[in-house]
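[1] Based on what follows, work out the 3D shape:
(one chain, ligands or ions: 2)
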Amino acid sequence: MSTPSPTTVSVLTPPGMGAVATIAVQGPHAWALARHFFQPASGKPLPETPPLYRYYFGRWGKKLVDEVIMAITGPHTVEIHCHGGVRLVRCLVEELQAAGVEEKPALTHPLLRLLAQAPTRRIAAILLDQWHGACATAFRRVIDQQEPAALAGLARYAPLAHHLAEPWRVAIAGPPNVGKSSLLNALAGYPRAIVSPVPGTTRDAVSVTLAFDGWPVQLIDTAGLRDTPEPLEAAGIAHARQWLQQADLVLWVADAAHGDGLDVPPLDNALLILNKCDLVPADRYSSYPPQGLLVSATTGMGLDQLCNLLVERLVPDPPPPGAPVPFTPTLAEAVQRAWHAWQQGDKATACQYLQDHLSQAEPPPDFFLPVRYTNNTRTDPSSVVSEAGLSDRTCK
Ligand SMILES: Nc1nc2c(ncn2[C@@H]2O[C@H](COP(=O)(O)OP(=O)(O)O)[C@@H](O)[C@H]2O)c(=O)[nH]1
Ligand SMILES: [Mg+2]
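    Numbers count the residues shown, from 1 in each chain. Ligands and ions are numbered 1, 2, ... in the order given. The predicted structure is shown next:
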C-alpha cells in the first residue's frame, strides 16, 4: 500500500533582500489550506475545487495577516506571493507547519541555487538551458547512443562550470603610479580606488565585480610592485604577488608616457596594457611592443578594445544558446574524465563516468519553477535575475 504524499511548503525565493517572496504549498491538502488561510479581497468565497492558473488578491494568515497574490499553478499547488521580509515568510511557513504541513527546502538542487544567484542574464540563460535539459540530454546521448559529438560538446564547455557561481578573477598589476587604480575606476565607472600621483598609494587589494558582455569578472587592483623598506607597502606588494599567481588573467599596466613597466614579467596569462597614451604623440605609438594595448584611463581611449580583449581571453569559446554546459565543478570533472577515457578508446569507462553523474545533471523532476520563472525565460531570462544583478559593461 502506498502512503499518500504529504502536503509540503517550500520557500522558492532565496532568503535575503527582496520585496516579494514566493511560497509554494504542494500536495493533496493545498487547496483546503488555501481556503482556510486565504480571504479574497473581493469578498467572494473561493470555489470548492481549485481553478487552475487563476490568481487572487487578498489576505493570507490567521495570526499574522499579509496582503498577497495567490496563484493556483497546479491541481495540487498553490503559490503565495507575499511581502519578502524574512520574519514574515517564517511566520507564514510556521503557521502552515502548525497546521500539519511539512517544510520541504526548495533550493536544494544546484541548478536552483545557481539560478537564484545568477549575477547576469547571460549566466541565467545558460543555466535555464540546462534546466530545460541541455546537459542531461547530452549525457544520455553519450550513454545510450555513444555519440562522440555529444561528449565533445560537453567537454568543450566544461571550463565554464567554475564560473557559473564564481566570477573570473582579473588582477591589475604593474609598477607604482602607472595608473592601475585609475584603470580600475575607469572600468568600474565610479571612483572605487584611491588615485594619487604619490607612488605606493594602493596597499590592500581593492576589488570590484563587474559584468563584461554578461560574463561576471572580479577586477582586483593591487599595490604597485617595487622594492620598498616600508613594511605596510611591502605587505601590500606580497598580496599583489599572490594575485599574480592566482588570477585567471593579469592586466599588466605600463606607463606609455614614462616607460615604466614595459618589461613584463614572464606570465603566461597577462595582457600588456600601455596606459597614459593621452600623453604620447600618436606618431610614437608604433614604437611600443605590438602586443601592448594602448589605453588611457583618463580619456577612456582603448577601453572598449580592452573589454573585448579581456572577454576573448577569458571566454574564447562562448556557448551558443541551448549548448550543454556541465553546470557544477563535479559534473565538469566527470565530463573531463569521460572525455579523456573516450580519447583513450575506453568508451565503457567514459559512459560509466557519465552514468554515475547523470542524476546530478538532470533538473529536479518534482520541482516547478515559480510563475515568474516560466514566462519565456529562454529568450528573456531577465525575470530570474535579481535587481542585485551586476551592472554590465557591454562590449562594443
Ligand atoms: N594623463 C594621464 N594620467 C593618468 C592616467 N592614468 C592615471 N593617471 C595619473 O597617474 C597617477 C597615478 O595614478 P594611479 O591610478 O593612482 O596609479 P597606480 O599607482 O598605478 O594605481 C595619478 O596622478 C593619475 O591621475 C592616464 O591614462 N593619463
Ligand atoms: Mg593604485
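[2] Would you confirm that residue 56 contacts residue 78?
    No: judged on C-beta atoms under 8 Å, residue 56 makes no contact with residue 78 at a distance of 9.7 Å. For the C-beta atoms, the positions are set from N, CA and C on the backbone; glycine is no exception.
[3] okay, those two: which has more neighbours?
    Shown here are residue 56 and residue 78; by other C-beta atoms under 10 Å, residue 78 has more neighbours (26 against 20).
[4] isn't the more buried one right next to residue 31, touching?
    Yes: here residue 78 reaches residue 31: they are 6.7 Å apart, a contact under C-beta under 8 Å.
[5] Name the residues contacting each of these two.
    50, 72 (C-beta atoms under 8 Å, 6 or more residues apart in numbering).
[6] ok so, going back, hey, what's in contact with both of residue 56 and residue 78?
    70-71.
[7] which other residues reach stretch 335-353?
    For stretch 335-353, using C-beta under 8 Å, 6+ apart, the contacting residues are 142-143, 146, 148, 151-152, 154-155, 158, 326, 334, 354.
[8] and the end-to-end length of it?
    Terminal residues of stretch 335-353 are spaced 7 Å apart (C-alpha to C-alpha, to the nearest Å).
[9] Show me what the strand ranked longest in the chain is packed against.
    Ranked by number of residues, the top strand in the chain under DSSP state E is strand 66-74. The contact analysis (3 or more C-beta pairs under 8 Å, 6 or more residues apart in numbering; DSSP states H and E) places strand 66-74 against helix 30-37, strand 55-60, strand 77-83.
[10] let's see 10 Å
    In terms of contacts (3 or more C-beta pairs under 10 Å, 6 or more residues apart in numbering; DSSP states H and E), strand 66-74 is packed against strand 20-26, helix 30-37, strand 38-40, strand 55-60, strand 77-83, helix 86-98, helix 371-374.
[11] buried ones in that strand?
    Using 16 or more other C-beta atoms under 10 Å as the test for burial, strand 66-74 gives 66, 68-73.
[12] Closest to residue 281 out of the contacts of stretch 335-353?
    Nearest to residue 281 among the contacts of stretch 335-353: residue 158, at 47.3 Å, using C-beta to C-beta.
[13] Surely the closest one forms part of a helix?
    Yes: the assignment for residue 158 (DSSP: H, G, I helix; E, B strand; the rest coil) places it in a helix.
[14] How about the residues of the stretch 251-396 of the chain by ligand 1?
    Taking C-beta under 6 Å from any ligand atom as the contact definition, the stretch 251-396 of the chain meets ligand 1 at 275-276, 278-279, 296-298.
[15] just the buried members of these?
    Buried among these (16+ other C-beta under 10 Å): 275-276, 278, 296-298.
[16] Contacting ligand 2 as well, which ones from the residues you listed?
    Among those, no residue lies close to ligand 2 (C-beta under 5 Å from the ion).
[17] Quick one: those as CSV, columns for distance to residue 171 too.
    Output for these, formatted as CSV (distance: C-beta to C-beta, whole Å):
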residue, distance to residue 171
275, 15
276, 20
278, 24
296, 21
297, 16
298, 21
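[18] In strands, which of these appear?
    Using DSSP E, the members of these that fall within strands are residue 275.
[19] In the stretch 201-350 of the chain, what residue lies closest to ligand 2?
    residue 202 (3.1 Å; C-beta to the ion).
[20] what's the answer for the stretch 1-150 of the chain, then?
    residue 119 (25.9 Å).
[21] Got the phi and psi for that residue?
    phi -80, psi -20 (degrees, to the nearest 10).
[22] right, and it touches residue 212 too?
    No: between residue 119 and residue 212 there is no contact under C-beta atoms under 10 Å: 11.8 Å.
[23] quick one, domains of the protein?
    8-103, 110-163+318-391, 168-314 (automatic domain parsing).
[24] Now the weakest link among those domains, please, by mean pLDDT.
    Lowest mean pLDDT of the domains of the chain: domain 110-163+318-391, a mean of 84.
[25] what distance separates that one from the centre of its chain?
    Centroid displacement of domain 110-163+318-391 relative to its chain, using C-alpha atoms, centre = their mean, to the nearest Å, is 14 Å.
[26] This protein against ligand 2: which residues are in contact?
    180-181, 202.
[27] Using JSON lines, please lay out these together with neighbour count.
    Formatted as JSON lines, the residues of the chain next to ligand 2 follow (neighbours: other C-beta atoms under 10 Å):
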{"residue": "180", "neighbour count": "31"}
{"residue": "181", "neighbour count": "25"}
{"residue": "202", "neighbour count": "23"}
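[28] Which members of those additionally contact ligand 1?
    180-181, 202.
[29] mind listing which of the residues you listed are in helices?
    Among those, the members found in helices (DSSP state H) are 180-181.
[30] Tell me how many other residues crowd the closest residue to ligand 1 within the chain.
    At 2.8 Å from ligand 1, residue 179 is the closest residue in the chain, using C-beta to the nearest ligand atom. Applying other C-beta under 10 Å, we find 26 residues neighbouring residue 179.
[31] I'd like the distance between the nearest residue to it once chain neighbours are set aside and residue 197.
    Excluding the flanking residues, the one nearest residue 179 by C-beta to C-beta, 6 or more residues apart in numbering is residue 275, at 4.1 Å. With distances taken as C-beta to C-beta, to the nearest Å, residue 275 is found 14 Å from residue 197.
[32] same deal with residue 244?
    24 Å.
[33] Looking at the two, which one has more neighbours?
    Taking other C-beta under 10 Å, residue 244 and residue 197 do not tie; residue 244 has more neighbours (18 against 6).
[34] Name the SS class of the more buried one, please.
    Going by three-state DSSP: residue 244 is helix.
[35] for the one 10 residues further on, same thing?
    Per three-state DSSP, the local secondary structure of residue 254 is strand.
[36] Run through the bridge partners of it.
    Taking DSSP bridges as the rule, residue 254 bridges to residue 274.
[37] quick one, strands of the stretch 151-300 of the chain?
    Along the stretch 151-300 of the chain, the stretches classed as strands by DSSP state E, counting those that start in this stretch are 168-173, 206-212, 215-221, 249-255, 270-275, 293-294.
[38] re the thing from before, inside helices: which ones of the residues of the stretch 251-396 of the chain next to ligand 1?
    Short answer: those have none in helices (DSSP H).
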